[in-house]
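Student: What follows is a protein structure lacking sequence information:
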């Protein structure tokens, strides 16, 4: 029997906002959802707001269903869930930095230099 972790890492903590940052998520099974649910609930139980920011939404149907479940879990405990364009918009509204445009400009510059 697998034991649940006693501690969890938080990617970014700003005040009471506990932000999980993902470029993309390759969750493939229900066990991962259970661990994620436990992590989210633990964050909430410690009086932090769980927030998930995932820049690229998965293409596979099973992965999309899992992300939908995670969104329900986050919002169900009063957290926030941002994926795709919403994630880029969240970063911009939180920081006033257009991270997506910066990365696109770097990619364009790298193409020119090649």
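Tutor: Looks like it came in fine. Computed from a prediction, not measured in an experiment: that's the story for all the values here. Residues are numbered from 1 along each chain as shown.
Student: so residue 75 makes contact with residue 81?
Tutor: Yes - counting by C-beta atoms under 8 Å, residue 75 touches residue 81, with 6.1 Å between them. For glycine as for every other residue, the C-beta is placed from the backbone atoms N, C-alpha and C.
Student: Those two: which has the busier surroundings?
Tutor: Legend: neighbour count by other C-beta atoms under 10 Å for residue 75 and residue 81, higher for residue 81 (22 against 12).
Student: Please tell me how far stretch 78-86 is from the chain's geometric centre.
Tutor: Remark: stretch 78-86 is offset 7 Å from the chain centroid, using C-alpha atoms, centre = their mean, to the nearest Å.
Student: So which residues make contact with that stretch?
Tutor: The contact list for stretch 78-86 (C-beta atoms under 8 Å, 6 or more residues apart in numbering) reads 40, 43-44, 49-57, 67, 70-71, 73-75, 89-90.
Student: Over to stretch 53-64?
Tutor: Here stretch 53-64 makes contact (C-beta under 8 Å, 6+ apart) with 19-28, 67, 82-84, 87-88, 90-91.
Student: what mean pLDDT would you report for it?
Tutor: Here stretch 53-64 scores 87 as its mean pLDDT.
Student: can you start the count at 4 instead of 1 from here on
Tutor: Got it, first residue is 4 now, which makes that one stretch 56-67.
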